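Asker: Predicted model, plus sequence, below.
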Amino acid sequence: METAQLKVEPTELKQSFNDAIEEQELSNLISAYVFSHDKCFGSKAGRKDDLAWESLFDAAGVSELGLIGTHEGREGKMDWAQQAYVCSNSTSNLSTDASM
């Protein structure tokens, strides 16, 4: 009976470890999102700013210009966000124009 428990415990331990790693990765992603958002819009940004920021990313947190947090410093993040915002608006305008 003890042998069966030893076979199960490493599996459970590995699953617990994987869960902890996944939680940490999610926490890091959220922290990067908040940090980058605040660098671009300021900590007192409103819902309009939040929506503009969120529109730059797909469900995986990726924009056409790369992963979140790939540019260092306030100026790099501002330039990157502004370029992404211009790109996303250009794409929106193209699809609107095409439907006319």
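Answerer: Received the coordinates, thanks.

Asker: Going by C-alpha atoms from here, please, whenever you check contacts or count neighbours.
Answerer: Will do.

Asker: Check whether Val34 sits in a helix, strand or coil.
Answerer: helix (DSSP: H, G, I helix; E, B strand; the rest coil).

Asker: do you know how far it is from Ser27?
Answerer: According to CA to CA, to the nearest Å, Val34 and Ser27 sit 11 Å apart.

Asker: quick check, Leu56 in a strand?
Answerer: No: if the criterion is three-state DSSP, then Leu56 is coil and not within a strand.

Asker: Run a quick neighbour tally on it.
Answerer: Using other CA atoms under 10 Å, Leu56 has 22 other residues around it.

Asker: Check His37 too.
Answerer: Neighbours around His37, by other CA under 10 Å: 22.

Asker: show me where pLDDT drops low in this structure?
Answerer: Applying pLDDT under 70 to the chain picks out residues 1-8, 39, 58-100.

Asker: try 80
Answerer: Applying pLDDT under 80 to the chain flags residues 1-9, 29-46, 49-100.

Asker: how about Ala45, phi and psi?
Answerer: The phi/psi pair for Ala45 (degrees, to the nearest 10) reads phi -60, psi 150.

Asker: cool, and Leu56?
Answerer: phi -80, psi -10.

Asker: so what's Asp38 up against?
Answerer: Taking CA atoms under 8 Å, 6 or more residues apart in numbering, we find Asp38 in contact with Ala45.

Asker: What helix or strand is Phe43 located in?
Answerer: Just so we're on the same page, residue 43 is Ser rather than Phe. Counting by DSSP states H and E, no helix or strand carries Ser43.

Asker: measure it to Val34 for me?
Answerer: Separation of Ser43 from Val34 (CA to CA): 9 Å.

Asker: Run a quick neighbour tally on Glu9.
Answerer: Counted with other CA under 10 Å, residues neighbouring Glu9 total 11.
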